[in-house]
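Novice: The sequence and its predicted three-dimensional model are supplied below.
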Amino acid sequence: MRVLHSPINIAGGPGAISEGLRELGVESTLLVFNERPFERGFDVNLELRDTSRKSSIPYNLPKQLRAFLWAAPRFDVFHFHAGLTLLPRKLNLPALRALRKGIVFQSWGSDLRGRPASDVRYLRAAGAVIVGSYLTRRLAPRGPWPEYDVVPPALVLTDWQPAPTEPGETLRIAHAPSKRAVKGTDAVESLEARGVPVELDLIEGVPNRAARLRYATADVVIDQLRIGWYGMLAIESMALGKPVVVHLDEEAAAETEEAFGLELPLIRATERSLADVLAGLFEVRESLPELGRRSREYVEHVHAHTEVARRVLEIYERVMPISS
């Protein structure tokens, strides 16, 4: 079986799946339009100009057409990410269906969650649609396309070795907000103002390698506090053996624990409760290394790239029952 992942390596997730597939003996290639900030790795890079601008079409389209003509005869399964395909306006989908190719779409959150069905009619061409969580599955629109498969995001764990810490008299907290108000940085700063001995490392606009070194020195990492689920920051932090604070949708949490047979080792908080939760963690900081160890075990079971690749391969075999 030959698989093409394209056209974006969002947060390194598609690349991790592709690497996991290769370790399982599948011929898998990652093609990207371009390498974006903080997104790592590719096998083929088209080096397109800004695809959101119409003025880029005369430059980009010939490259995209050549890429499609190269890929169509070579691959059995086309695995598209974040609602994008090789050609503008998803013009390649009818041809791929006519060629009897396996077509898989994988959502990375906002491209599907909460959108009207009319925005994602292209999913009708898919043999399978993957979402990363039970929360996204519940919030995604329904239509005449396959029922959503829940497959958690993948991480190459050999790139993320545990870095446990023993909290001292000051609790070291790492926080990487995309928007400060959305992720609760103000609550952390108010905690400092209350005199609770915490040290905030605010990580913004930092390349992944440098950010990883800073996460590794933290006692606790704060992830997103509004969406209701954890993202790649949490997965990477858990891989480092760090306790993670995040807002979780309880229904999705229960479904996840039942599906994987594991308790979610995450510390629940909301924007409103964050300061009190962190103050409580300071009081029980001697228990945090054990929670970090359990966090690493959870990621090994749920997010390891080879484990995720096995789940994805089962979907491919369903979509493309006769493989070459």
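Specialist: Here it is on my side, so go on. If you're wondering where the values come from, they're calculated on a predicted model, not measured in any experiment.
Novice: Can you list the residue ranges for helices in the stretch 151-300 of the chain?
Specialist: Ranges of helices within the stretch 151-300 of the chain are 180-183, 185-193, 208-216, 232-239, 250-260, 274-283, 288-302, based on DSSP state H, counting those that start in this stretch.
Novice: Give me the angle between the third one and helix 232-239.
Specialist: Translated: helix 208-216. Helix 208-216 and helix 232-239 are oriented at 60 degrees to each other (axes from the mean of the first three to the mean of the last three C-alpha atoms, to 10 degrees).
Novice: Can you name the residues in contact with helix 208-216?
Specialist: Contact partners of helix 208-216, identified using C-beta atoms under 8 Å, 6 or more residues apart in numbering, comprise 12, 38, 40, 160, 163, 174, 176, 201, 203, 206, 221, 236-237, 240, 242. The C-beta positions use only the backbone N, C-alpha and C, and glycine is treated the same way.
Novice: re the thing from before, nearest approach to residue 86 belongs to which of the helices of the stretch 151-300 of the chain?
Specialist: Closest approach to residue 86 among those is made by helix 232-239 (24.3 Å; C-beta to C-beta).
Novice: So which elements touch the closest one?
Specialist: Here helix 232-239 touches helix 208-216, strand 220-222, strand 244-246, helix 288-302, going by 3 or more C-beta pairs under 8 Å, 6 or more residues apart in numbering; DSSP states H and E.
Novice: Of all the helices of the stretch 151-300 of the chain, which one is nearest residue 313?
Specialist: Smallest distance to residue 313 across those (C-beta to C-beta): 16.5 Å, for helix 288-302.
Novice: quick one, that closest one and helix 274-283 angle?
Specialist: Interaxial angle, helix 288-302 versus helix 274-283 (the same axes, to 10 degrees): 110 degrees.
Novice: Could you give me the buried positions within helix 288-302?
Specialist: Neighbour-count burial for helix 288-302, counted by 16 or more other C-beta atoms under 10 Å, picks out 288-289, 291-292, 294-296, 298-299, 302.
Novice: Now do the strands in the chain.
Specialist: Remark: strands assigned in the chain by DSSP state E are 2-6, 27-32, 44-45, 77-81, 102-106, 128-131, 148-150, 171-175, 198-202, 220-222, 244-246, 267-268.
Novice: Below-threshold pLDDT in the stretch 51-200 of the chain: ranges please.
Specialist: Scanning the stretch 51-200 of the chain for pLDDT under 70 picks out 178-185.
Novice: at 80 what do you get?
Specialist: Along the stretch 51-200 of the chain, the model assigns pLDDT under 80 to residues 177-189, 191-192.
Novice: Make sure residue 134 is actually in contact with residue 257.
Specialist: No. If you go by C-beta atoms under 8 Å, residue 134 and residue 257 don't touch, sitting 10.1 Å apart.
Novice: more crowded one of those two?
Specialist: Regarding residue 134 and residue 257, a neighbour count based on other C-beta atoms under 10 Å identifies residue 134 as having more, with 21 against 12.
Novice: Tell me the spacing between residue 217 and residue 237.
Specialist: Residue 217 sits 12 Å away from residue 237, taking C-beta to C-beta, to the nearest Å as the criterion.
Novice: do the same with residue 84
Specialist: 27 Å.
Novice: Check residue 195 too.
Specialist: As defined by C-beta to C-beta, residue 195 lies at a distance of 26 Å from residue 237.
Novice: what do you get for residue 256?
Specialist: According to C-beta to C-beta, residue 256 stands 17 Å off from residue 237.
Novice: Just want to know which of these two has more residues nearby.
Specialist: Remark: of residue 256 and residue 237, residue 237 carries more neighbours, 29 against 21, as counted by other C-beta under 10 Å.
Novice: Spit out the contact partners of that one.
Specialist: Residues near residue 237 by C-beta under 8 Å, 6+ apart: 174, 215, 218, 221, 223, 244, 295.
Novice: and the second one, how many neighbours?
Specialist: By that I understand residue 215. 20.
Novice: got a pLDDT number for it?
Specialist: With respect to pLDDT, residue 215 scores 95.
Novice: Check the fourth one too.
Specialist: Here, the pLDDT recorded for residue 221 equals 96.
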